[in-house]
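J.: Let me see the structure of the following:
(one chain, ligands or ions: 2)
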Amino acid sequence: MIKVNYHTHTSRCGHAIGRDEDYVLNAIQAGIKVLGFSDHAAYHLNRHTERMTLSKVPEYLDSLRALKEKYRDTIDILVGMEVEYYPDQWDTLQYYREEMDYLILGQHSLGITQASSYNCKTPEHLNAYADSLEEACARGLCEYIAHPDVILFRYPRIDEHVYRTAEKIADISLKYDIPLEINCGSGVHRPMMTYEDGIRYPYPSRAFLEVFAERGCKMIIGLDAHDPRDFLTDIYLQKALSIGEGLSLNIIEDFDIREAADRHKKSFY
Ligand SMILES: [Zn+2]
Ligand SMILES: [Zn+2]
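T.: Ligands and ions are numbered 1, 2, ... in the order given. A predicted model of the protein is given here:
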């Protein structure tokens, strides 16, 4: 098991399960030293079972900060959020930027009322997605990019547009010094999916990992835990890593997310 995980959900989002404290206890049992909670950010517009409501955010902070204090001698707990780049929700994002220990970017939709990233099938979608990531990083919104390949979920084939998108994301990562995640969440928790060019996991994407390895982008492993038991198995971690087998990925284990958050808080606009 890894020692640091910044991608942990709570039951508030409606599709994760378990008590907050069970995530902490299982992480301790697994030997995790730094545990970052990053539940799905709430906005003014919400779809049910996708994220908590804005009114639950104070309780989210209180609960996790109490656990941080309770277990301070055993495990280093950080309280963050997994946010989207939604320019029309900027007041809310600014609040998260100020209040949370750190933010990760999980661009689950192209916009709060636009296409879901899980349902994008055209090169235009890929471009719009990469543009959102770039703007988010340019504006200091996030410390790392979660599942950068989520946009390939329903994209029908690995073609030149996929490689071009991976190159754009690699450029963003290098330009803004933002690590990219190897995600061990729903992409590898589900069965493989059928695409025009074969059967595979939707993400992580081998094509993306090839480009990220070639460019030497900083990579960070994220469990994307939605169940306390996710800390007690290596199965999904091994599945995700097997997708990049043989590539010299620049996986970093000493990412100082607090330092990165301080830096991005200053450049946030
Ligand atoms: Zn989730
Ligand atoms: Zn997540």
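J.: buried ones in the host helix or strand of Ser242?
T.: In the assignment (DSSP states H and E), Ser242 maps to helix 235-243. Buried residues in helix 235-243, counted by 16 or more other Cβ atoms under 10 Å: Tyr236, Leu237, Lys239, Ala240, Leu241, Ile243. Every residue, glycine included, has its C-beta placed from N, CA and C.
J.: for the chain, what spans make up the helices?
T.: For the chain, helices defined by DSSP state H occupy the ranges 20-29, 57-70, 90-99, 123-138, 160-176, 186-189, 206-215, 235-243, 257-267.
J.: which other residues reach the helix holding Ser242?
T.: 1-2, 182-185, 187-189, 201, 204-206, 209, 221, 223, 230 (Cβ atoms under 8 Å, 6 or more residues apart in numbering).
J.: same thing with stretch 157-174?
T.: Applying Cβ under 8 Å, 6+ apart, the contact partners of stretch 157-174 are 123, 126-127, 129-130, 133-134, 137, 145, 148-149, 151-152, 155, 178-180, 195-197, 205-208, 210-212, 215-218.
J.: let's see 6 Å
T.: Defining contact as Cβ atoms under 6 Å, 6 or more residues apart in numbering, one finds that stretch 157-174 is touched by 123, 126, 130, 133-134, 137, 148, 180, 195-197, 207-208, 211-212, 215, 217.
J.: Ile77 - nearest residue in space that isn't next to it in sequence?
T.: Spatial nearest neighbour of Ile77, chain neighbours left out: Lys68 (3.9 Å); criterion: Cβ to Cβ, 6 or more residues apart in numbering.
J.: how far away is the residue nearest in space to the middle of the chain from Glu21?
T.: In the chain, the C-alpha nearest the mean C-alpha coordinate belongs to Ala146, at 2.5 Å (Cα atoms, centre = their mean). Relative to Glu21, Ala146 is positioned 24 Å away (Cβ to Cβ, to the nearest Å).
J.: same check, this time on Trp90
T.: Distance from Trp90 to Glu21, by Cβ to Cβ: 33 Å.
J.: Next to ligand 2, which bits of the stretch 51-200 of the chain? Give me the list.
T.: Glu82 (Cβ under 5 Å from the ion).
J.: Okay, now the unreliable bits of the stretch 51-200 of the chain?
T.: Counting by pLDDT under 70, the stretch 51-200 of the chain shows no low-confidence range.
J.: just to revisit the earlier point, I'd like the buried residues of helix 235-243 laid out as TSV, including pLDDT and distance to Glu50.
T.: Shown next, in TSV, are the buried residues of helix 235-243 (pLDDT from 0 to 100; distance: Cβ to Cβ, whole Å):
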residue	pLDDT	distance to Glu50
Tyr236	98	21
Leu237	98	25
Lys239	98	24
Ala240	98	23
Leu241	98	28
Ile243	98	26
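J.: about what we covered before: was I right about the residue nearest to Ile77 contacting Ile75?
T.: No: at 8.7 Å, Lys68 does not count as touching Ile75 under the criterion of Cβ atoms under 6 Å.
J.: any common contacting residues for those two?
T.: The contact sets of Lys68 and Ile75 do not overlap (Cβ under 6 Å, 6+ apart).
J.: and Leu223, what are its phi and psi?
T.: phi -70, psi -30 (degrees, to the nearest 10).
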